[in-house]
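1. Sequence and predicted model, in that order:
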Amino acid sequence: MVKQGIAISVSELTKKYREKEVLKSVNFTVPRGSIYALLGSNGAGKTTIVKILSTLLKPDSGSAAVNGFDVVSQEKLVRKCISLTGQFTAVDEVLTGRENLNLIGQLMRLSDVKSKTNEWLSFFDLQEASDRKVSTYSGGMKRRLDIAMSLMIDPEVLFLDEPTTGLDPQNRIAMWDLVKHLAMQGTTVFLTTQYLEEAEYLADNVAILHKGRILIEGTPQYLKEIRPQSGAYLNFKSEKDAAKAMKLLNENSIPVDAIELNLPSLEDVFLTLIDEKKEDTERV
Amino acid sequence: MYKLKTHIIADAWIMFKRSLLISLRNPEALLVATIVPFLVMFLFGTVFGSIANVGELNYIDFIVPGIILQSIGQSSQYSAMNVAADMTKGVIDRFRTMSISKTAVIIGHAGAGVVRNTISTITIISTAFVLGFRPHGGFMNWLVIIGLLALVSIAISLLAVMCGLLSKTVEGSSGLMLPLFILPFISSGFVPVDSMAGGIKWFAEIQPMTPIIDSFRALTLDLPLGDNLWMALAWSVGIAVAAFSFSIQIYKRRIS
């Protein structure tokens, strides 16, 4: 029974590691063919959610379904339609790029392993390196190969756990283009990220996960509109001016204990939001 | 509707080819599978052979089974390390989320281990021949020897896979395998059990290596087997079944 239009649905999911509550009642749904970004800092529980959805981990309570199949009771059916690219590049370093792709193609019983391999090698710009051992690849190349292996599976739902962490800006942009391209072809992409910029650029829907709870969910536009205004920032054209101002403030006994170069970053604003939301929810 | 079919044998064959390729690309593992058994056989056959006293038997003839088991234990640590590497790198996680047979990865790694062990064993027997090893078992004896060797090799390789699945790091997995290359020394492999002292003698008599080694020795030299062969078979099958089922449990278990 595949529910039309919904690729992933999660309801009241909880997970504990020993005494630590990693997930505290998580709910969300992901429309088919969309890009969904789970945004959160380290330890927020992002990877735990990905592991539960990709059948690697059992939740303590609540339910999760991918393509209408329950991830616990129908794990085999779930595995037929998903593909996972974890945080660590899962490639065989002593094998060549081509051999890595061939392996997946053979396991998936593809009828055209050779041509599929060549197709993905050229798509990810890895032809020249295809017959070299992966241990000679750069970080970006390994990551691309890793994702190529996931795509050999031709999944309906693709999980990407922090796909751009550790990538240089050029490779990051290439990754973004790829994700957009996949979604356009109908693949549902579920990704986790620490970067607001990434979520904003890519995702149709964003959820902010903080300490095992989803604080807010919606389109990037919606999230930006509710950004609370608070505090005050002083901006100076140069470090020198800032130092001068700090001295003045101190002389007038307005304490300033730190000065830092502040390149405007959306992430910073976002982290502020996370802190405030947390206080809000705790007050309620 | 989805049709569920798991092609265990085909999946295991693909995984076996993968594991074998990984082994062949690792020069250190190849060295341990070939040069080390040669050196150990050479040292024991020449240096220690002159001082060892094993009664009426020729020391070379006496020692071949012990060295075979010791080198199987040693080269199997690479199975454990390869599995542990798969675990830590997330490769196993990728396989776990794919629609493939659960046992394929385990069988693949164990199979590659058996190939490495076979190479070691052939190296040892050839070296021993050059040094004066003169078995006089008949054709049937050799068939039983090959069968038992295969079984022991499978059992130890599966044990290695289990150690690899259990350990948190690659280094740790080779540590878990340490007992396997110590045990042959505390058995009938290198000196007769009767010449050992109290507690050690008791341990040497009850541990699995002794009946396995005694069986090989009896079969190669055409000595009385006693119940050694049955004991050896029981131990090997028991270890293989236990290690295999435990490995599947660890592979399936959904922990972080």
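-> Nice, thanks for sending it over. Numbering: from 1, shown residues only, chains lettered A, B, ... in the order given.

2. Let me know the secondary structure of residue 130.
-> Picked chain A for this. Under DSSP: H, G, I helix; E, B strand; the rest coil, residue A:130 falls in the coil class.

3. that's the wrong chain, I meant chain B
-> Under three-state DSSP, residue B:130 comes out as helix.

4. where does the stretch 151-284 of chain A have low pLDDT?
-> Residue ranges of the stretch 151-284 of chain A with pLDDT under 70: A:226-234, A:255-284.

5. what's the nearest residue to the closest residue to chain B within it if we skip its chain neighbours?
-> Minimum separation of the stretch 151-284 of chain A from chain B (C-beta to the nearest C-beta) falls at residue A:153, amounting to 6.7 Å. Every residue, glycine included, has its C-beta placed from N, CA and C. Closest residue to residue A:153 apart from its sequence neighbours, by C-beta to C-beta, 6 or more residues apart in numbering or on different chains: residue A:83 at 4.3 Å.

6. So what does the one you found look like in phi/psi?
-> Note on residue A:83: backbone dihedrals following degrees, to the nearest 10 are phi -150, psi 140.

7. same question, residue A:6
-> Dihedral angles for residue A:6 - degrees, to the nearest 10 - are phi -120, psi 120.

8. That one: neighbour count?
-> 16 (other C-beta atoms under 10 Å in any protein chain shown).

9. any idea how far it is from residue A:65?
-> As judged by C-beta to C-beta, to the nearest Å, residue A:6 and residue A:65 stand 8 Å apart.

10. And residue B:188, by the same measure?
-> From residue B:188 to residue A:65 the distance is 59 Å (C-beta to C-beta).

11. And the pLDDT at residue 146?
-> In the absence of a named chain, this looks at chain A. Note on residue A:146: pLDDT of 93.

12. To clarify, I was referring to chain B.
-> In this model, residue B:146 carries a pLDDT of 93.

13. what's the residue of the stretch 151-284 of chain A closest to chain B in contact with, if anything?
-> A:83, A:104, A:108, B:98 (C-beta atoms under 8 Å, 6 or more residues apart in numbering or on different chains).

14. 10 Å instead?
-> A:79-84, A:104-105, A:107-108, A:110, B:94, B:97-99 (C-beta atoms under 10 Å, 6 or more residues apart in numbering or on different chains).

15. what does residue B:83 give?
-> B:19, B:91-92, B:105-106, B:108-110, B:113, B:160-167, B:170, B:173, B:247, B:251.

16. Now residue A:75: closest residue in space, sequence neighbours ignored.
-> Per C-beta to C-beta, 6+ apart, closest to residue A:75 is residue A:55, 4.4 Å.

17. Show the contacting residues for the one you found.
-> Per C-beta under 10 Å, 6+ apart, neighbours of residue A:55: A:64, A:66, A:69, A:71-72, A:74-79, A:82, A:84, B:96-97, B:254.

18. In ChimeraX, how would I select just the buried ones from these?
-> Listed next is the ChimeraX selection for buried residues among the contacts of residue A:55, using 16 or more other C-beta atoms under 10 Å in any protein chain shown:
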select /A:64,66,69,71,72,74,75,77,78,79,82,84 /B:96,97
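
19. tell me which of the contacts of residue A:55 is nearest to residue B:230?
-> Comparing the contacts of residue A:55 against residue B:230 with C-beta to C-beta places residue B:96 closest, at 38.6 Å.
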